[in-house]
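S.K.: My questions concern the predicted model and sequence given below.
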Amino acid sequence: MQISVIGTGYVGLVTGACLAEVGNDVLCMDLDAHKINRLKQGDIPIYEPGLDDIVKRNIAAGRLRFTTDVVESASHGAIQFIAVGTPPDEDGSADMQYVIAAARAIGQSMQEYKVIVDKSTVPVGTAEKVRAAIQEELSKRGSKLKFNVASNPEFLKEGAAVDDFMRPDRIVVGVDDERTANLMRALYAPFQRNHERLIVMDIKSAELTKYAANAMLATRISFMNELAMLAEKMGADIEQVRHGIGSDPRIGYHFLYAGCGYGGSCFPKDVQALQRTANECGRELKILGAVEAANESQKKVLIAKIAARFGNDLTGRHFALWGLAFKPNTDDMRDAPSRVLIKDLWERGATVTAYDPAAMHEARRIFGNDPRLMVADSSMAALEDADALVIVTEWKAFRSPDFAAMKSKLKAPIIFDGRNLYEPRDLRAEGIEYFPIGRSA
Ligand SMILES: NC(=O)c1ccc[n+]([C@@H]2O[C@H](COP(=O)([O-])OP(=O)(O)OC[C@H]3O[C@@H](n4cnc5c(N)ncnc54)[C@H](O)[C@@H]3O)[C@@H](O)[C@H]2O)c1
Ligand SMILES: O=c1ccn([C@@H]2O[C@H](COP(=O)(O)OP(=O)(O)O[C@H]3O[C@H](CO)[C@@H](O)[C@H](O)[C@H]3O)[C@@H](O)[C@H]2O)c(=O)[nH]1
């Protein structure tokens with residue numbers, strides 16, 4: 001099939017590359033000329049395991065191309081995916097300007113019947129607005145061209161995006177006509193040979209499903225984070241509680257890890273946006289208000305533990321930080337708990353040496369060359385002369401460090417662990433003062 005993808009960020013690029021991988025002829029369009037020029041040369045602007053190979057292979061095979069030309073992309077694909085950003089507006093609602101601009105661009109340039117598929121995460125009712133914007137542009141041109149609109153929210157996780165797209169748990173498709181449903185079935189047939197994964201529903205339900213999934217996952221995390229703080233107060237161990245409840249198949253083991261708060265480009269913004277959507281139609285989602293508030297306090301848990309150990313004034317103190325990205329296997333630092341911690345440490349007078357396997361360049365982009373943040377070439381080098389180690393992201397490489405070497409580098413053997421990577425009794429045996437989340441050290 002001929003497919004255009006508008007917006008070549010995490011979602012657009014993964015979507016375009018994976019659809020090309022199964023034999024489609026894909027044109028990815030973005031307004032960011034710098035990004036498109038890099039991509040044309042096979043240079044991937046994001047860190048995402050496996051993506052590099054797929055992009056290069058499909059460019060070489062001629063199935064994946066990149067452009068900044070709106071007219072070219074509007075005429076190429078029988079299916080026009082919209083995968084542009086929907087960042088939070090000042091009041092927390094999703095900013096729809098990029099989605100509507102993409103829809104207008106399609107309406108201004110399309111020359112034959114098209115199916116426009118929204119892959120961005122958008123509030124309920126957006127498909128109607130997309131339809132109206134395209135229709136308005138067609139009317140301005142005096143065109144009677146027909147088109148259909150569908151919703152196909154994306155559930156990929158950063159760091160596992162290619163795998164999630166190639167082997168999805170489910171493919172949600174919102175349509176209001178059978179012709180579009182059949183087209184989407186044909187498009188996704190290669191991704192569900194093993195068993196049916198396509199869930200076809202009405203458009204509004206598909207739009208809401210995306211927010212419901214993220215809100216439910218964020219709720220589980222905030223719930224566990226609050227329980228972790230309670231466990232800590234009462235001398236219980238959140239890791240044992242996690243095993244105990246996860247073994248109930250009605251609860252399950254996934255997304256029950258307590259930590260120093262959730263971050264990323266999706267959970268924080270989607271939890272907020274769903275609340276705004278509810279408010280707009282006179283409803284209040286009380287649980288989500290609490291989920292958000294609990295997450296904001298959880299991002300402060302590490303600094304509270306550090307202040308309890310070293311005092312509120314950290315002037316002259318120096319900390320090693322392992323992990324800058326909002327989660328492992330990505331270089332993305334959008335809404336990362338590390339950003340809150342670094343600012344909190346700075347405010348109290350401390351300096352930081354950080355190490356992250358992928359996000360160092362992103363940290364430099366965000367914090368510039370501020371002398372209060374140094375970066376190290378390795379996890380061990382970051383420890384040199386630090387008062388303590390603080391772990392913020394659970395990269396696999398941090399799981400089994402050489403504790404003896406670690407102790408020789410730190411000023412004192414102290415670890416604040418925002419991701420519960422180690423067993424408290426093992427660290428006690430190593431003579432390390434250990435501060436995990438929700439566990440008595
Ligand atoms: N990042 C994720 O893990 C993820 C997963 C599922 C869903 N989503 C959702 O998918 C959407 C995209 O997210 P992302 O992380 O890929 O965003 P992103 O910021 O990485 O990429 C968006 C891209 O769209 C481009 N763009 C903006 N307006 C455009 C226009 N009019 N025409 C062409 N290009 C335009 C931007 O230049 C940018 O390259 C969001 O709604 C997000 O919530 C994201
Ligand atoms: O048990 C857990 C699991 C995750 N997290 C944190 O939650 C955040 C989000 O993690 P994850 O969901 O793995 O990353 P995302 O790439 O943001 O993916 C989420 O957001 C995407 C964008 O909407 C959706 O497509 C995905 O399905 C959804 O998992 C990160 O800060 C994690 O550290 C925890 O604290 N505890």
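M.R.: Here it is on my side, so go on. Ligands and ions are numbered 1, 2, ... in the order given.
S.K.: Spell out which residues of this structure are next to ligand 2.
M.R.: 121, 154-158, 214, 217, 221, 255-257, 259, 262-264, 266-267, 326-327 (C-beta under 6 Å from any ligand atom). (Glycine included, C-beta is placed from N, CA and C.)
S.K.: Just the ones of these in helices?
M.R.: Judged by DSSP state H, the subset of the residues of the chain next to ligand 2 located in helices is N214, L217, I221, F267.
S.K.: Which residue ranges of this structure form strands?
M.R.: 2-6, 25-29, 64-67, 79-82, 114-118, 147-151, 171-174, 198-201, 318-322, 351-355, 373-375, 388-391, 414-417, 433-435 (DSSP state E).
S.K.: closest to K233 out of the ones you listed?
M.R.: strand 433-435 (14.3 Å; C-beta to C-beta).
S.K.: of the residues of the chain next to ligand 2, list those near ligand 1.
M.R.: T121, E154, L156, E158, C266.
S.K.: Now restrict the residues you listed to buried residues only.
M.R.: T121, E154, L156, E158, C266 (16 or more other C-beta atoms under 10 Å).
S.K.: So which of those sits lowest on pLDDT?
M.R.: Lowest in pLDDT among these is E158, which has 92.
S.K.: now A320, which residues is it bridged with?
M.R.: T353, L389 (DSSP bridges).
S.K.: What's the per-residue pLDDT of it here?
M.R.: 98.
S.K.: Surely L208 is in contact with V124?
M.R.: Yes - applying C-beta atoms under 8 Å, one finds L208 in contact with V124, separated by 5.2 Å.
S.K.: In this protein, where is pLDDT below threshold?
M.R.: Scanning the chain for pLDDT under 70 picks out 441.
S.K.: now check stretch 27-36, is it near ligand 1?
M.R.: Yes - applying C-beta under 6 Å from any ligand atom, one finds that stretch 27-36 is in contact with ligand 1 at M29, D30, L31, D32, K35.
S.K.: tell me how far the ends of that stretch are from each other?
M.R.: With C-alpha to C-alpha, to the nearest Å as the measure, stretch 27-36 spans 11 Å from end to end.
S.K.: Show me just the buried residues among the residues of the chain next to ligand 2.
M.R.: For the residues of the chain next to ligand 2, buried by 16+ other C-beta under 10 Å: 121, 154-156, 158, 214, 217, 221, 256-257, 259, 262-264, 266-267, 326-327.
S.K.: close to ligand 1, is stretch 89-107?
M.R.: Yes - residues of stretch 89-107 contacting ligand 1 under C-beta under 6 Å from any ligand atom: Y98, A101, A102.
S.K.: between the residues you listed, which is closest to ligand 2?
M.R.: Closest approach to ligand 2 among these (C-beta to the nearest ligand atom): Y98, at 15.8 Å.
S.K.: ok, the closest one - contacts?
M.R.: Contact analysis of Y98 by C-beta atoms under 8 Å, 6 or more residues apart in numbering lists G7, V84, G85, T86, S120.
S.K.: Which members of the residues you listed are the farthest-apart pair?
M.R.: G7 and T86 (10.0 Å).
S.K.: Now for the two: what residues contact both?
M.R.: With C-beta under 8 Å, 6+ apart, G7 and T86 have common neighbours Y98, S120.
S.K.: distance of F403 from F319?
M.R.: 18 Å (C-beta to C-beta, to the nearest Å).
S.K.: Of the two, give the one with the bigger neighbour count.
M.R.: F319 (25 against 17; other C-beta atoms under 10 Å).
S.K.: Just confirm that one contacts L345, I think it does.
M.R.: Yes - using C-beta under 8 Å, F319 makes contact with L345 at a distance of 6.0 Å.
S.K.: got the contact list for the nearest residue to K114 once chain neighbours are set aside?
M.R.: The spatial neighbour of K114 that comes closest, neighbours along the chain excluded (C-beta to C-beta, 6 or more residues apart in numbering), is F147 at 4.8 Å. F147 sits next to M110, Y113, K114, V115, I116, I134, L138 when contact means C-beta under 8 Å, 6+ apart.
S.K.: Pick the one among those closest to ligand 2.
M.R.: Nearest to ligand 2 among these, with distances taken as C-beta to the nearest ligand atom, is I116, at 20.4 Å.
S.K.: show me the contacts for that closest one.
M.R.: Q80, I82, A103, I106, V130, I134, F147, N148, V149, A150.
S.K.: Of those residues, which is the nearest to ligand 2?
M.R.: Nearest to ligand 2 among the contacts of I116, with distances taken as C-beta to the nearest ligand atom, is I82, at 15.2 Å.
S.K.: Any idea what that closest one is bridged to?
M.R.: I6, D118.
S.K.: out of the residues of stretch 27-36 next to ligand 1, which are inside helices?
M.R.: Checked against DSSP H, these include these in helices: K35.
S.K.: for stretch 269-281, which positions count as buried?
M.R.: Going by 16+ other C-beta under 10 Å, stretch 269-281 has these buried residues: K269, D270, V271, Q272, A273, L274, Q275, R276, T277, A278.
S.K.: what's the answer for stretch 420-432, then?
M.R.: By neighbour count on 16+ other C-beta under 10 Å, the buried set for stretch 420-432 is N420, L421, Y422, P424, L427, I432.
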